[in-house]
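Colleague: got a sequence here, can you model it:
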Amino acid sequence: MSDLDRSGRATAKVRAEFARRMATQAGATGGGRLAAAFATVPREVFLGPPPWLLADHFYGESQTSDSVEVYRDVLIPLDRDKGINNGSPSLHALGLHALDPQPGETVLHAGAGTGYYSAILAELVGLEGRVIAVEYDGRLAAMARERLADRVNVEVVYGNSAEWPKEPVDIVYVNFACDRPAEPWVDQLNDGGRLLFPLGVPGHEGRRSGTSFSEIAGYLLVRRRKTAFEAGFITGVSFIWGEGLASAGADEHARLAEAFHFGGWRSIRSMRWKKPARSDSREWYGVEDWGLSYELPVG
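Modeller: Sure thing, here's the model as predicted:
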């Protein structure tokens, strides 16, 4: 057996263990389809050429050219100046487990980066399903298109994710923070469809690029039930702020930040969408055309 074969087998073995660990941490008992998807997709393919910088929360930064080393729950920068990274595998595993993509479903992946989690989504929905991967950064979109070229169930779009999807979908998975959902994310959801996005307010800027990050945010999961919407936060998060998005403005940011600081965000049960609030409603946060309520969905 050649050294190359040994290295490939070692990487595959480590990737399988990494996949099992990420799925288990996300709550996928026994790993199942989620672990199989993580085990199938090689993370190193979506990182650019080595050496890679590993940003570990506990041990700081280190560099490596060994593909085995990327199978840790660490951030790996894709554009350090902008603060764009490959994402926390455990966080994405949690999000994908909550969304529970099924074979045959259509997914919008908003903020796809270089396409690593798009590829995992493609594994989960299968060849009978479809993934629309939209990325605002032209360089990252080009990398995603190249690395996903062999996946016939993935379409890569260079554009503004707030303008997608253009057709009904079963899942919208958003990988950047924003202060409200874009209209197509909600309006194009099929009955039973799921939307997961980081809701929050913008905070500090990146060291060199001026890129904003969320000051405070939560991963909000929305499920459509005909004309009503179940909603709930699954965890607190920190994400890069979405480029090209219309901002809700300073007043609404202040109100949303106050709601987070007040607490109670883990008790959200429904989302009001494109309708005024009832005078007797118990809302955690709300503006004229949408809001989040402690009450069960009505519709």
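Colleague: residue 19 touches residue 38, doesn't it?
Modeller: Yes: contact criterion Cβ atoms under 8 Å: residue 19 and residue 38 qualify, at 3.5 Å. C-beta: built from backbone N, CA, C; applies to glycine.
Colleague: just the C-alphas of stretch 78-98, formatted as CSV.
Modeller: Written as CSV, here are the backbone C-alpha positions of stretch 78-98 (Å, rounded to 0.1, in the frame of the first residue of the first chain):
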residue,chain,number,x,y,z
LEU,A,78,-11.8,31.4,4.1
ASP,A,79,-11.2,35.2,4.0
ARG,A,80,-9.5,36.4,7.1
ASP,A,81,-9.8,40.1,6.3
LYS,A,82,-13.6,39.8,6.0
GLY,A,83,-13.9,37.4,8.9
ILE,A,84,-15.5,34.7,6.7
ASN,A,85,-14.8,31.2,7.8
ASN,A,86,-15.9,27.6,7.0
GLY,A,87,-18.2,27.6,10.0
SER,A,88,-18.4,25.6,13.2
PRO,A,89,-19.2,22.0,12.3
SER,A,90,-21.0,21.3,15.6
LEU,A,91,-23.2,24.4,15.1
HIS,A,92,-24.1,23.4,11.5
ALA,A,93,-24.8,19.9,12.6
LEU,A,94,-27.2,21.3,15.2
GLY,A,95,-28.9,23.4,12.6
LEU,A,96,-29.2,20.6,10.0
HIS,A,97,-30.5,18.2,12.6
ALA,A,98,-33.2,20.8,13.6
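Colleague: let's number from 33 now, not from 1
Modeller: Got it, first residue is 33 now, which makes that one stretch 110-130.
Colleague: so for it, mean pLDDT?
Modeller: Per-residue pLDDT over stretch 110-130 has a mean of 94.
Colleague: how far off centre is that stretch?
Modeller: Centroid displacement of stretch 110-130 relative to its chain, using Cα atoms, centre = their mean, to the nearest Å, is 7 Å.
Colleague: what are the buried residues along that stretch?
Modeller: Buried positions in stretch 110-130, judged by neighbour count with 16 or more other Cβ atoms under 10 Å: 110-111, 114-121, 123-130.
Colleague: just stretch 149-167 next, same as before
Modeller: For stretch 149-167, using 16+ other Cβ under 10 Å, the buried residues are 149-157, 161-167.
Colleague: got it, and stretch 92-103?
Modeller: Of the residues in stretch 92-103, those scored as buried under the neighbour-count criterion (16+ other Cβ under 10 Å) are 99, 100, 101, 102, 103.
Colleague: returning to that earlier point: which of the buried residues of stretch 110-130 fall within strands?
Modeller: Taking DSSP state E, the ones among these that sit in strands are 110, 111, 116, 117.
Colleague: which members of these are the farthest-apart pair?
Modeller: When those are compared pair by pair using Cβ to Cβ, the farthest-apart members prove to be 111 and 117, with a separation of 8.3 Å.
Colleague: hang on, residue 187 in a strand?
Modeller: Yes: per DSSP: H, G, I helix; E, B strand; the rest coil, residue 187 lies within a strand segment.
Colleague: tally of neighbours for it?
Modeller: 14 (other Cβ atoms under 10 Å).
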